[in-house]
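Student: Prediction below, plus the sequence it came from.
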Amino acid sequence: MNTTSIDYNINKLGFWSAIIALVTTVVTFIFPLDAPGGYAAEHADRVAWLAANKGDFIAAWVNQIFAMLSLSGIFMAVAWRVALSSPVRGIVAAMVVLMSVMAFIIPKFSAVWTLPVLAETVATGAVGAEMADSLLLIMNVSIPFSLYTTFDFLGFWLYAVFALLVAKPMFTDSLSSKITAVTFGLFGLIYHVMLVALFIGEVAPEDMNAAFMSPAMLLLVVIIAMIPNFKAAMTK
């Protein structure tokens, strides 16, 4: 397989990853990721909701796994593009993406595999209910300082590092590349500014989700901008 063929297939991966990422973004608004009330929901209400809505909850988080993998596919294709002009930067960027996949897959797989079982165990009072109740508190998907969300925020921090690594080399002649580069730069900078604000006590716990998830919405711009970019690269 020659370099041209590899380049075509990687851009094809990026293109279809972007399409899947858009689809999974739409699906995110269909299935609930947590009990109504999210952060403010009482633990007992969350347990009851999880036990009663197991199917929808699992579907929501399976969709999140596909969303994360598709976004990672886009990033890997971008890292390849960067590696063509800046090999070391591209390799480091690809390594950061792989680390982010590991950070994200742990909580998302737990949501699909573990959390529904824990909720059912607590709701039915089955053997191990006391331990299951404690684990549900630790693995709360909405409280920003739970063990669960810590892995999620780690993944997004790695995305922010990736964004800063690729922003400059992605600023090339095409309009879509310029939009992608500027968006990556904004996302990376804003996320790290929010981290500093958190570390010096300027972000309250109840504001953490909004503070750190709002900049992540910029990644939707990257997804949309890269679709024509990948498509054009496939026709060269």
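Tutor: Cool, got the structure.

Student: what are the ranges of the strands in this protein?
Tutor: With DSSP state E, there are no strands along the chain.

Student: To what extent is residue 57 buried, counted in neighbours?
Tutor: Here the number of neighbours of residue 57 (other Cβ atoms under 10 Å) works out to 24. C-beta: built from backbone N, CA, C; applies to glycine.

Student: for residue 182, that is, sorry about that
Tutor: Residue 182 has 16 nearby residues by other Cβ under 10 Å.

Student: if I pick residue 67, what's in contact with it?
Tutor: Counting by Cβ atoms under 8 Å, 6 or more residues apart in numbering, residue 67 makes contact with 20, 21, 24, 25, 28.

Student: Would you enumerate the residues in contact with residue 129?
Tutor: Here residue 129 is in contact with 121, 122 (criterion: Cβ under 8 Å, 6+ apart).

Student: measure it to residue 161 for me?
Tutor: The gap separating residue 129 from residue 161 is 41 Å, by Cβ to Cβ, to the nearest Å.

Student: Just the contacts of residue 67: which are in helices?
Tutor: By the criterion of DSSP state H, membership of those in helices covers 20, 21, 24, 25, 28.

Student: Which of these sits closest to residue 181?
Tutor: Nearest to residue 181 among those is residue 21, at 18.4 Å by Cβ to Cβ.

Student: what's the nearest residue to that closest one if we skip its chain neighbours?
Tutor: Once flanking residues are discounted, residue 21 sits nearest to residue 70: 4.1 Å by Cβ to Cβ, 6 or more residues apart in numbering.

Student: correct me, but the one you found touches residue 14?
Tutor: No - using Cβ atoms under 8 Å, residue 70 is not in contact with residue 14, being 9.9 Å away.

Student: who has more neighbours, the two?
Tutor: It is residue 14, of residue 70 and residue 14, that has more neighbours when counted by other Cβ under 10 Å, with 26 against 23.

Student: Give me the below-cutoff pLDDT ranges for this structure.
Tutor: Confidence mapping of the chain against pLDDT under 70 gives the ranges 1-3, 236.

Student: So in it, which helix runs the longest?
Tutor: helix 54-85.

Student: Could you say which of the ones in helices among the contacts of residue 67 is surrounded by the most neighbours?
Tutor: residue 21 leads the ones in helices among the contacts of residue 67 on contacts (other Cβ under 10 Å) with 25 neighbours.

Student: Could you dump the contacts of residue 67 into CSV and include distance to residue 107?
Tutor: Compiled in CSV, the contacts of residue 67 are given as follows (distance: Cβ to Cβ, whole Å):
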residue, distance to residue 107
20, 20
21, 19
24, 17
25, 19
28, 16
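
Student: centre of the chain versus stretch 181-199, how much separation?
Tutor: 15 Å (Cα atoms, centre = their mean, to the nearest Å).

Student: Can you give me the buried ones in it?
Tutor: Applying a neighbour-count criterion of 16 or more other Cβ atoms under 10 Å, the buried positions in stretch 181-199 are 181-185, 187-188, 190-192, 194-195, 198.
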